[in-house]
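Novice: below: sequence and its predicted model.
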Amino acid sequence: MSGTVNVGLVGTGGMGGRHAANLNDSVAAANVAAIMDVDAARAEAVAARCGGAAVYSDAEALIAAPEVDAVLIAAPDRFHAALARSCVEAGKPVLCEKPLATNVADATLVVEAEVAGGRRLVQVGFMRQYDPAHVAAKEVSDSGEQGKALIFRSVHNNPEKYGIRPLVDVVTNSIIHDIHSARWMMGEEVARVNTAYIPSSSDHPESARFVMVQLHYRSGALGTLECNSEAGYGYEVMVSITGETGVVQTSPLQSPVVRRSNARRQWVEADWLQRFQIAYLNEAQAWVQSIVDGQATGPSAWDGYVSILVADASIESGLKGMPVDVEVPDRPTIYG
Ligand code: ISE
């Protein structure tokens, strides 16, 4: 496609607001043409910030609108799959925030719709794939300089924000990122998971404050995904890959280390919007470029589907207190 990509944005919460600002301010080939939110005042405010985009109260109407070339979905998680499917059925490229779906059945429907259309239209918002630190660590591991990759680790500490969260929410909303990183950075599929967790309090045994998922890869490599749902001090994400002769690890914080008055200080980012600021921008630029080029790139609906497959097994494992096997079907040819 040539010229400007007219983007319709569904959802203007923290994430949607950030995407709108990134597209409007920093992606030259994008025009934020339409905004939808059930909160009309918030939609109007974001539309005004983006130079007077059209405001919709119905997401399906925005997807169908002739002035919308492509759609960015930043609505609550439970709406993602149905909206992504509508975009695919309308033949419009879509950047769908993670998770692609909150369950395997819904993710399957998105993949089936895309396969039926015969071409990729969906990119899933696994923005860590656009984070320079993650990309550099993967490059080191892929180069083979530290031998075969044997162990993947990730630590994901969230800010104080959520309150009591059930295991299903921590896994499908937070750990889903770590699951994607574990597949993408190691370049192979997970065959079995084993989850343990600690509830927030004895009054809420169904809640999950700390979650640890052990991964067994098909090759025999291992992984651990550790998530603190409410670390209480700020936001950190760290990944490392241990090879036969070395370890590559990302720095959990982007801020500089300051030494002063016999102390060493480092500022901790408040949340993912700060920590992954560059990643979100890179993601938006790459997505719009892929539309201009007519060739979807980045994390696919298949990645979104397999991630939720692993997430589902991780939840089952945690609830049953036993390991659960993951059967990943053959990848349809449109996903390469
Ligand atoms: C949030 O929705 C995100 O996507 C963040 O990247 C993640 O760290 C956080 O846990 C999620 O709630």
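Specialist: Received, thanks. Numbers count the residues shown, from 1 in each chain.
Novice: leaving out sequence neighbours, find the closest residue to the residue in the stretch 201-336 of the chain positioned nearest to the ligand.
Specialist: Of all residues in the stretch 201-336 of the chain, the one sitting closest to the ligand is W272 (3.6 Å; CB to the nearest ligand atom). Where C-beta positions appear, they are placed from N, C-alpha and C, glycine not excepted. Distances taken as CB to CB, 6 or more residues apart in numbering place Y235 nearest to W272, at 6.1 Å, with adjacent residues excluded.
Novice: burial of the residue of the stretch 201-336 of the chain closest to the ligand, as a residue count?
Specialist: Other residues within reach of W272, judged by other CB atoms under 10 Å, total 22.
Novice: likewise for S154?
Specialist: Counted with other CB under 10 Å, S154 comes out at 25.
Novice: name the element it belongs to?
Specialist: S154 is part of strand 149-157, with elements assigned from DSSP states H and E.
Novice: one more: E60?
Specialist: Here E60, judged by DSSP H and E, is contained in helix 59-64.
Novice: identify each buried residue in that helix, please.
Specialist: A59, L62, I63, A64 (16 or more other CB atoms under 10 Å).
Novice: pretty sure V124 is touching Y305, no?
Specialist: No. V124 lies out of contact with Y305 (CB atoms under 8 Å); the separation is 9.1 Å.
Novice: overlap of the contact sets of those two?
Specialist: Contact criterion CB atoms under 8 Å, 6 or more residues apart in numbering; residues shared by V124 and Y305: L100.
Novice: in the stretch 101-250 of the chain, what residue is nearest the ligand?
Specialist: Residue nearest to the ligand within the stretch 101-250 of the chain: S174 (3.3 Å; CB to the nearest ligand atom).
Novice: residue contacts, the residue most central in space within the chain?
Specialist: Geometric centre of the chain, nearest residue: F126, 2.8 Å, by CA atoms, centre = their mean. Applying CB under 8 Å, 6+ apart to F126 gives the contacts K98, H177, H180, S181, W184, G298, P299, D303, G304, S307.
Novice: repeat that for G11.
Specialist: Contacts of G11 (CB under 8 Å, 6+ apart): M36, D37, I73, A74, A75, P76, E97.
Novice: how far off centre is the helix or strand containing E44?
Specialist: Following DSSP H and E, one finds E44 within helix 40-49. Its chain's average C-alpha position is 25 Å from that of helix 40-49, according to CA atoms, centre = their mean, to the nearest Å.
Novice: neighbours of P329, just the number please.
Specialist: 11.
Novice: name the SS class of it, please.
Specialist: Look at P329: counting by DSSP: H, G, I helix; E, B strand; the rest coil, its state is coil.
Novice: one step back: in JSON lines: the buried residues of helix 59-64, plus distance to the ligand and pLDDT.
Specialist: Supplementary listing: the buried residues of helix 59-64 in JSON lines, determined by distance: CB to the nearest ligand atom, whole Å; pLDDT from 0 to 100:
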{"residue": "A59", "distance to the ligand": "19", "pLDDT": "98"}
{"residue": "L62", "distance to the ligand": "22", "pLDDT": "98"}
{"residue": "I63", "distance to the ligand": "22", "pLDDT": "98"}
{"residue": "A64", "distance to the ligand": "27", "pLDDT": "98"}
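Novice: residues of the stretch 201-336 of the chain that sit close to the ligand?
Specialist: Within the stretch 201-336 of the chain, the positions near the ligand by CB under 6 Å from any ligand atom are W272.
Novice: show me where the stretch 201-336 of the chain has helices.
Specialist: In the stretch 201-336 of the chain, the helices defined using DSSP state H, counting those that start in this stretch lie at 272-275, 277-293, 301-320.
Novice: ok, and the closest non-adjacent residue to V306?
Specialist: V328 (5.6 Å).
Novice: hmm, L309 and the one you found touching each other?
Specialist: Yes. The pair V328 / L309 is scored as a contact, 6.5 Å apart, by CB under 8 Å.
Novice: more crowded one of the two?
Specialist: For V328 versus L309, neighbours defined as other CB under 10 Å are more numerous around L309 (20 against 15).
Novice: what's near enough to touch the more buried one?
Specialist: L309 makes contact with V104, A107, V326, V328 under the criterion CB under 8 Å, 6+ apart.
Novice: tell me the SS of the residue of the stretch 101-250 of the chain closest to the ligand?
Specialist: Per three-state DSSP, S174 ends up helix.
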